[in-house]
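Trainee: Predicted model and sequence below, questions to follow.
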Amino acid sequence: ERNPMATTISEDASASATAHEPSPRACGAGSLRVGASRPRWWQELCLVGAIYVIYSLIRNGAPEQVARGLQNARSIIRLEHVVGLDIESGTNAFVASLPALAIPANYFYATLYLAVTISVLVWLYAVRPTEYRRARSVLLTMTLLALVGYWLFPLAPPRLMTGGGFVDTVRYFGIWGVAP
């Protein structure tokens, strides 16, 4: 015959052991994963504003190094040519020969990269907060690394080099109705 006291004690012991284990519902099963909550939008705006101010101070504080930037660009183009990766001159010539392609490319160059970046970040923030945090962190890290590169190894875009055969399509075709 079973001892009713023993059953009660063992049931109480197992109940107390499981009482401290969180249920799947308490851990957020069926909702956002733990740590996947959306960050506060105003904190994100403050973060972006602070990063932009720091970025601007560092970038504008870098000494003017136009000659060094052009020299570095020529060195990289020579290296690309030696290893067979020089596709820029051919691409530049092709795009410059087609105003219907060059003009939209100029606008993209001037605006869309920023608009697309902001749009993707806003979409991720609204729809996929975990991926938003990752994308934001990667973007901030890459921006900081780019600043280090900008400071230590200034580089001019090939379109600004003279004598290299590149066409500055922004200057040649104009942008926003500004005459070339």
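Mentor: Received it, and whenever you're ready, just let me know what you need.
Trainee: residues contacting Thr95?
Mentor: Residue 95: Val, not Thr. 101-102, 105, 169 (Cβ atoms under 8 Å, 6 or more residues apart in numbering). No exception for glycine: its C-beta is placed from N, CA and C like everyone else's.
Trainee: wait, Ala73 sits on Pro158?
Mentor: Yes. At 6.0 Å, Ala73 counts as touching Pro158 under the criterion of Cβ atoms under 8 Å.
Trainee: Check the residue nearest the centre of the chain and give its pLDDT.
Mentor: By Cα atoms, centre = their mean, the mean C-alpha position of the chain lies nearest to Leu139, the distance being 2.9 Å. With respect to pLDDT, Leu139 scores 91.
Trainee: Which strands or helices does the helix ranked longest in the chain pack on?
Mentor: Ranked by residue count under DSSP state H, the longest helix found in the chain is helix 129-152. Judged by 3 or more Cβ pairs under 8 Å, 6 or more residues apart in numbering; DSSP states H and E, helix 129-152 is in contact with helix 41-61, helix 113-127.
Trainee: Would you mark the buried spots in the shortest one?
Mentor: Spelled out, it's helix 113-127. By 16 or more other Cβ atoms under 10 Å, the buried positions in helix 113-127 come out as 121, 124-125.
Trainee: next one: stretch 60-70
Mentor: Going by 16+ other Cβ under 10 Å, stretch 60-70 has these buried residues: 65, 69-70.
Trainee: Of the contacts of Val95, which is the most crowded?
Mentor: Neighbour count (other Cβ atoms under 10 Å) singles out Thr169 as the most crowded of these, with 21 neighbours.
Trainee: Was I right to think it contacts Ala102?
Mentor: Yes. With contacts counted by Cβ under 8 Å, Thr169 reaches Ala102, the gap being 4.5 Å.
Trainee: who touches both of the two?
Mentor: Counting by Cβ under 8 Å, 6+ apart, the residues touching both Thr169 and Ala102 are 95-96.
Trainee: about what we covered before: now the angle from the longest helix of the chain to helix 113-127?
Mentor: Between helix 129-152 and helix 113-127, the angle comes out at 150 degrees (axes from the mean of the first three to the mean of the last three Cα atoms, to 10 degrees).
Trainee: Next, the angle from helix 129-152 to helix 41-61.
Mentor: Using the same axes, to 10 degrees: helix 129-152 against helix 41-61 is 10 degrees.
Trainee: following helix 129-152, which helix or strand shows up next?
Mentor: Using DSSP states H and E, the helix or strand that follows helix 129-152 towards the C-terminus is helix 169-173.
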